[in-house]
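[1] output the structure for:
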Amino acid sequence: MERSSTLLVHFDKGTPSLPNEIKLSLEGNDVPAKVDAMKKAVMLLLNGETLPQLFITIVRYVLPSEDHTIQKLLLLYLEIIDKTDSSGRILPEMILICQNLRNNLQHPNEFIRGVTLRFLCRLSEVDIIEPLIPSILSNIEHRHPFIRCNAILAVMSIYKLPQGEQLLADAPEVIERILAGEQDPSARRNAFLMLFNCAQDRAINYLLSHFDQVPDWPEQLQMVVLDLIRKVCRSNRAEKGRYIKIIISLLNAQSIAVTYECAGTLVSLSSAPTAIRAAANTYCQLLSLSDNNVKLIVLERLNELQSSHREIMVEMIMDVLRALSSPNLDIRHRTLDIALELITPRNVDEVVSMLKKEVMKTQSAELEKNGEYRQMLVQAIHTCAIKFPEVASTVVHLLMDFLGDSNVASAVDVVLFVREIIETNPKLRVAIITRLLDTFYQIRAGRVCSCALWIIGEYCLSLSEVENGISTIKQCLGELPFYTAVEEGDSADTSKRPQQVNSSITVSSRRPAILADGTYATQSAASETALSAPSLATGSLTALGNLRSLILSGDFFLGAVISCTLTKLVLRLEEMQPSKTELNKACTGALLIMVSMLQLGQSSYLPHPIDNDSYERIALCIRLLCNTGDEVRKIWLQSCRQSFAKMLADKQFNETKEIKAKAHISHAQPDDLIDFYHLKSRKGMSQLELEDEVQDDLKRATGEFSMAGDDANKLNRILQLTGFSDPVYAEAYVTVHHYDIVLDVTVINRTKDTLQNLCLELATMGDLKLVERPQNYTLAPESSKEIRANIKVSSTETGVIFGNIVYETSNVLERTVVVLNDIHIDIMDYISPAICADVGFRNMWAEFEWENKVAVNTVLQKEKDFLNHIIKSTNMRCLTAPSALDGECGFLAANLYAKSVFGEDALVNISIEKQVDGKLSGYIRIRSKTQVFLSKNRSGRSLSAGST
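    Next up is the predicted model:
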């Protein structure tokens, strides 16, 4: 069987030493050789070797040595060797070391005494310890603090043994007397720790009698005091009032570790506004530290506070935002997430003002991650403007300066923000359109241009705006045609060969141009491509237009968007322009642009011809301008905008619904007792104690103190480990909490015999690790025992826990083994539904290379029923808007998203259609960055996500 070990040493198994070689080195007089031999002996023992032949050699040649290193290695050797036989009795040869230990405890060298006392802390054999008790007690009052510290720890370890109270009956009184006169910080800490573990009442009396001196105590002692307060208050909540005063006094301690622990203790013990405010203020002060790891931990604590005490954390929002000064993007991201949850009408102006300043800093400073940081700020400002539309006017013009940002993701966020603001804030429409038309030429990204063109086509409503919109698009497209036909007489291969596109800027001309490879081309458009990296500096409209360069690079989707925008503007112009001449001029100009794009797309000039979708879209626009009807006009000029408004309304409805779901709290039972705090006696109670009493009463009234154990669903998580006919019955309750799995195993002795050395032996498969092995127990006839086992989880891979129960009886010499049923840890305990923006989902879908494709095979016949079944089975959230799933069309496509507790993302796309026979067919595609998600849903179909 495995044994517990207090020592861990790395061992290279490549060249193990032979016991005879070690024995020869120990018998010699060479000190370095003895040291090396002792190290080898210790490592061999730790790796399962017994080495019984070395014991006498060590007693003869190592015990008398005066070398400190050898003596320390000797104690390590004595710590790990077997000191008892199979029946648990002390081995006779162990008596030989007792005298040596007594001599060490009286040694003139302080180091020898100290390491010997430390060795005794890990010794559990009473027969060896009992003769050494007088020597141990004599070291408690030694002049050297190192010896006193270890002597106190030795006393505590001995007192905690099963027979410890008989060996050291007056140990608490002795340690309390030592604590009263001790000056060394470490010794005081160890003495108070001994009282805390062995005589809690004495520790409490000492703490309360020195209440005013606690802030001046050393850091080590203050940390033990906090542990004591947590333990006392959890067992007796009525006494926490006076202890909270001690915690409040420690919030101003010099040690950062003490202040952090104080804040955490305060939050766990009290819900009083004063206490929570003090803890939050302490956390905010810790954000000024330079260590990024500390900041991340503190931000996690602040996030927990804002979820449970939002009304208090709202006051701290500007203090939280100070963490934006850190250059670390993770810290900035978490800070913004917390701040966005704390925005109210009273502080939104102040928050937006600070975010604007941060945006301006990203423009002036040249830092590596400025683009990504700017994108986060834009998203944060977007959220603020949606929640509080009145602040949109103060930020929209500033953000529109970044439509031409070199960071495409940031520019996309800006244009999406502008699109939403112009719909939700009609008063800003004129100003936004004017600014957009003035800065449109700065936009360099195709995705941004497409969205900006849609805005121009939908929200240019006046005659001047429509005319300016058409003029701006024409200027950005440049002169037509996009290329000129090849003159007769030019070589045929020159006209047919696609020319390499370079970055030189030319105007339309029939003069030959020299390309980068030295050849000639008569098509001037061959040298026109996308511009160089954009900047925020103003440019000239006479230079090559941004739309022209993007179309010549082969972006015909943008060409289709341009055609749709021009069509909308011309249709709107028909309703406002009194002059038929101007109307016809605008219409023919738009038709010329569309025809030129089709001509360019079908030419041999570009490496890739126009795609069918873009071709059909542009052709539709041409047909529409040539023959306009009232119904078509209504669809193009009204329905598009109405659909967008409906999409925003659905988005707002879903967000509101989610907020209400989060705000839902449990209610008290009808017969629960409610205390009326107005009738409470306030005599002798401070304001903090009174607030704490009030908050506790509120929690009782709202059911927040209801124990999780009362939940009937707990029965669903109980697993039977053995059969009813086995001599030992066992069942386990499995609790999964993030990185930990706790097994509460109930073992029942169903026999008439006493079971000795009963042990629960567990092993794991997968990314699970047993933290500590449960100890042995003695179980009386027909009695039960609760055994707890802790298991660490390192990933969301499905794991298996298996094992057995081993015990002995007085009637049978052999050990009996009862094999347990396997415990399967399900993936669903690790993942939870999460929200992700459409842009982020697409980016992750493109980034994650691994994909698992599962064919749909189901008896369900309705598409929505199948989607709801998958959502429930996989514990994921549907990102597709409910409005997009309305109606019956025989086809359904939806995106699902979930996130694990380890920060891993799971993406799912469902595409199904109904066949003629009524059955559903299609595929479920799952993507993930790492190998994480492997499970079976409740219907038995295998779903997996991850990469091999």
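[2] nearest residue to Arg925 other than its sequence neighbours?
    In space, and not counting its chain neighbours, Arg925 is closest to Asn909: 4.6 Å by CB to CB, 6 or more residues apart in numbering. (C-beta placed from N, C-alpha, C; glycine too.)
[3] model confidence over the helix or strand harbouring that neighbour, on average?
    Using DSSP states H and E, Asn909 sits within strand 905-914. Across strand 905-914, the average pLDDT comes to 90.
[4] again with stretch 223-241
    So the average pLDDT for stretch 223-241 ends up being 82.
[5] pull it out as CSV, backbone CA atoms only.
    What follows is stretch 223-241 as a C-alpha-only set of coordinates in CSV (Å, rounded to 0.1, in the frame of the first residue of the first chain):
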residue,chain,number,x,y,z
MET,A,223,-2.4,36.3,9.4
VAL,A,224,-3.1,33.7,12.1
VAL,A,225,-5.5,36.1,13.8
LEU,A,226,-7.5,36.3,10.6
ASP,A,227,-7.6,32.5,10.3
LEU,A,228,-8.9,32.3,13.9
ILE,A,229,-11.6,35.0,13.3
ARG,A,230,-12.8,33.2,10.2
LYS,A,231,-13.1,29.9,12.0
VAL,A,232,-14.8,31.4,15.1
CYS,A,233,-17.3,33.4,13.1
ARG,A,234,-18.3,30.6,10.8
SER,A,235,-19.1,28.4,13.8
ASN,A,236,-20.8,31.1,15.8
ARG,A,237,-22.2,34.0,13.7
ALA,A,238,-23.6,35.8,16.7
GLU,A,239,-20.1,36.6,17.9
LYS,A,240,-18.8,38.2,14.7
GLY,A,241,-19.6,41.8,15.7
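[6] span of stretch 178-188 from start to end?
    Stretch 178-188 has an end-to-end distance of 8 Å (criterion: CA to CA, to the nearest Å).
[7] who does the strand holding Asn909 pair up with?
    strand 891-900 (antiparallel), strand 920-928 (antiparallel) (DSSP bridges).
[8] could you dump these into a markdown table with distance to Ser464 added?
    Formatted as a markdown table, the strands paired with strand 905-914 follow (distance: least, CB to CB, whole Å):
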| stretch | distance to Ser464 |
| --- | --- |
| strand 891-900 | 42 |
| strand 920-928 | 49 |
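[9] rebuild the ones you listed as a markdown table, extending it with mean pLDDT and distance to Gln306.
    Shown next, in a markdown table, are these (pLDDT from 0 to 100; distance: least, CB to CB, whole Å):
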| stretch | mean pLDDT | distance to Gln306 |
| --- | --- | --- |
| strand 891-900 | 89 | 19 |
| strand 920-928 | 90 | 30 |
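[10] quick one: those as JSON lines, columns for mean neighbour count and distance to Phe192 too.
    As requested, the strands paired with strand 905-914 are exported to JSON lines (neighbours: other CB atoms under 10 Å; distance: least, CB to CB, whole Å):
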{"stretch": "strand 891-900", "mean neighbour count": "19", "distance to Phe192": "42"}
{"stretch": "strand 920-928", "mean neighbour count": "19", "distance to Phe192": "50"}
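[11] and the ones you listed: which comes nearest Arg435?
    Minimum separation from Arg435 across the strands paired with strand 905-914 (CB to CB) falls at strand 891-900, 33.9 Å.
[12] so how far is the closest one from its chain's centroid?
    Relative to its chain's centre, strand 891-900 lies at 20 Å (CA atoms, centre = their mean, to the nearest Å).
[13] equivalent analysis for stretch 82-102, please.
    With CA atoms, centre = their mean, you get 51 Å for stretch 82-102.
[14] buried stuff in that stretch?
    83, 94, 97, 100-102 (16 or more other CB atoms under 10 Å).
[15] so where do the strands sit in the stretch 601-750 of the chain?
    718-720, 728-737, 740-749 (DSSP state E, counting those that start in this stretch).
[16] I'd like those strands as a markdown table, with distance to Cys460, mean pLDDT and mean neighbour count appended.
    As requested, the strands of the stretch 601-750 of the chain are exported to a markdown table (distance: least, CB to CB, whole Å; pLDDT from 0 to 100; neighbours: other CB atoms under 10 Å):
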| stretch | distance to Cys460 | mean pLDDT | mean neighbour count |
| --- | --- | --- | --- |
| strand 718-720 | 66 | 88 | 14 |
| strand 728-737 | 56 | 86 | 18 |
| strand 740-749 | 59 | 88 | 18 |
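[17] touching, the residue nearest to Arg925 and Gly922? I think so.
    No. Counting by CB atoms under 8 Å, Asn909 does not reach Gly922; the two are 10.2 Å apart.
[18] what about the stretch 451-600 of the chain, any weak spots by pLDDT?
    484-544 (pLDDT under 70).
[19] give me that answer again for 80
    For the stretch 451-600 of the chain, applying pLDDT under 80 flags the ranges 483-545, 577.
[20] what ranges do the strands span in it?
    Counting by DSSP E, counting those that start in this stretch, the strands of the stretch 451-600 of the chain are 513-514, 520-521.
[21] CA atoms only: put stretch 211-221 into CSV for me.
    This file holds the C-alpha atoms of stretch 211-221, laid out as CSV (Å, rounded to 0.1, in the frame of the first residue of the first chain):
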residue,chain,number,x,y,z
PHE,A,211,-7.5,44.0,21.2
ASP,A,212,-5.9,47.4,21.0
GLN,A,213,-2.5,46.0,20.2
VAL,A,214,-3.5,43.8,17.2
PRO,A,215,-2.6,46.5,14.5
ASP,A,216,0.9,46.6,15.9
TRP,A,217,1.5,42.9,15.9
PRO,A,218,3.9,41.3,13.3
GLU,A,219,2.5,40.2,9.9
GLN,A,220,2.8,36.5,10.6
LEU,A,221,0.8,36.8,13.8
